[in-house]
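Give the three-dimensional model of this entry:
(chains A and B)
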Amino acid sequence: GAGVSQSPRYKVAKRGQDVALRCDPISGHVSLFWYQQALGQGPEFLTYFQNEAQLDKSGLPSDRFFAERPEGSVSTLKIQRTQQEDSAVYLCASSLGVGLYNEQFFGPGTRLTVL
Amino acid sequence: DQQVKQNSPSLSVQEGRISILNCDYTNSMFDYFLWYKKYPAEGPTFLISISSIKDKNEDGRFTVFLNKSAKHLSLHIVPSQPGDSAVYFCAASSSAGAGSYQLTFGKGTKLSVIP
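The predicted structure follows:
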């Protein structure tokens, strides 16, 4: 069965450009998470969706970051006016249900490099 | 302020011997702990977890121990195999709060199992 997929796998952007990163979760998964992993660090939480509702965006580092999941399946993370400090791997994860014990399945990530 | 700490960036172990990976946490609200394994260019994959009501959970060659009073957990791999070579992330979650059940990760420990 298909796992979580993300596209593009690699993205190079010039400082100031806008980027959009896509996540296709496992079909039927209710919960969707975005994490940011800087070089040499562990993943850090950005935002959480339950179906189409964005219930937690406490981890978004600035108002340049925006995420959506309009139909409760595919999600897009958009970064406006990219800065060099935005360079990182962006990971998407989905889980079947809601709650502490629902395993999060991760995609391979999108590596964003801002020049 | 790192809430989950993995103080050993790397660990080398001979094939067949025991690998012990350590993790400390500071947030007393954490009540669910997980270990994820990550290969290069792939997303993290779930390995094993433990609830705070337990002090040990075993799954085949993998055992996780939790010492709540010390806010410490460890992952034991016995016997270690070359295919276990990967980066291991310790993660924690809480049943309290906003309900996103986000994961808080450590920085990871790179395990190398030498044949």
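
Apart from its chain neighbours, what residue comes closest to the spatially most central residue of chain A?
In chain A, the centroid-proximal residue (C-alpha atoms, centre = their mean) is A:Trp34; its distance is 3.3 Å. If you skip the residues right next to it in sequence, A:Trp34 has A:Leu46 as its closest partner in space, 4.2 Å away by C-beta to C-beta, 6 or more residues apart in numbering or on different chains. Where you see a C-beta, it was placed from the backbone N, CA and C, and this is true even at glycine.

again, but for B:Asp31
Closest residue in space to B:Asp31, ignoring its immediate chain neighbours: B:Ser52 at 4.1 Å, by C-beta to C-beta, 6+ apart.

Isn't the one you found up against B:Lys71?
No: proximity of B:Ser52 to B:Lys71 does not meet the contact threshold set by C-beta atoms under 8 Å, at 10.6 Å.

Can you list the low-confidence ranges for the chain?
Reading this off chain A. By pLDDT under 70, the weakly predicted segments of chain A are A:1.

ah, I was thinking of chain B
Within chain B, the stretches with pLDDT under 70 are B:97-98.

Residues of it that sit close to chain A?
B:4, B:6, B:31-32, B:36, B:41-46, B:49, B:89, B:91, B:93-95, B:98-108 (C-beta under 8 Å from any C-beta of the partner chain).

Out of these, list just those in strands.
Secondary structure assignment by DSSP state E places B:Val4, B:Tyr32, B:Tyr36, B:Thr45, B:Phe46, B:Ser49, B:Phe89, B:Ala91, B:Ser93, B:Thr104, B:Phe105 of the residues of chain B next to chain A in strands.

Let me know the helix or strand that the residue nearest to the centre of chain A is in.
A:Trp34 is part of strand A:31-37 when elements are defined by DSSP states H and E.

can you check A:Thr47 too?
A:Thr47 is located in strand A:44-50, with elements delineated by DSSP H and E.

isn't A:Leu96 right next to A:Gly28, touching?
Yes: counting by C-beta under 8 Å, A:Leu96 does reach A:Gly28; the two are 6.9 Å apart.

got the contact list for the residue nearest to B:Asn27 when sequence neighbours are not counted?
What sits nearest to B:Asn27 in space, not counting adjacent residues and going by C-beta to C-beta, 6+ apart, is B:Gln3, at 4.6 Å. Each residue near B:Gln3 by C-beta atoms under 8 Å, 6 or more residues apart in numbering or on different chains is listed here: B:Tyr25, B:Thr26, B:Asn27, B:Phe30, B:Ala92, B:Thr104.

Could you dump these into JSON lines with neighbour count added?
As requested, the contacts of B:Gln3 are exported to JSON lines (neighbours: other C-beta atoms under 10 Å in any protein chain shown):
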{"residue": "B:Tyr25", "neighbour count": "23"}
{"residue": "B:Thr26", "neighbour count": "12"}
{"residue": "B:Asn27", "neighbour count": "13"}
{"residue": "B:Phe30", "neighbour count": "21"}
{"residue": "B:Ala92", "neighbour count": "24"}
{"residue": "B:Thr104", "neighbour count": "19"}
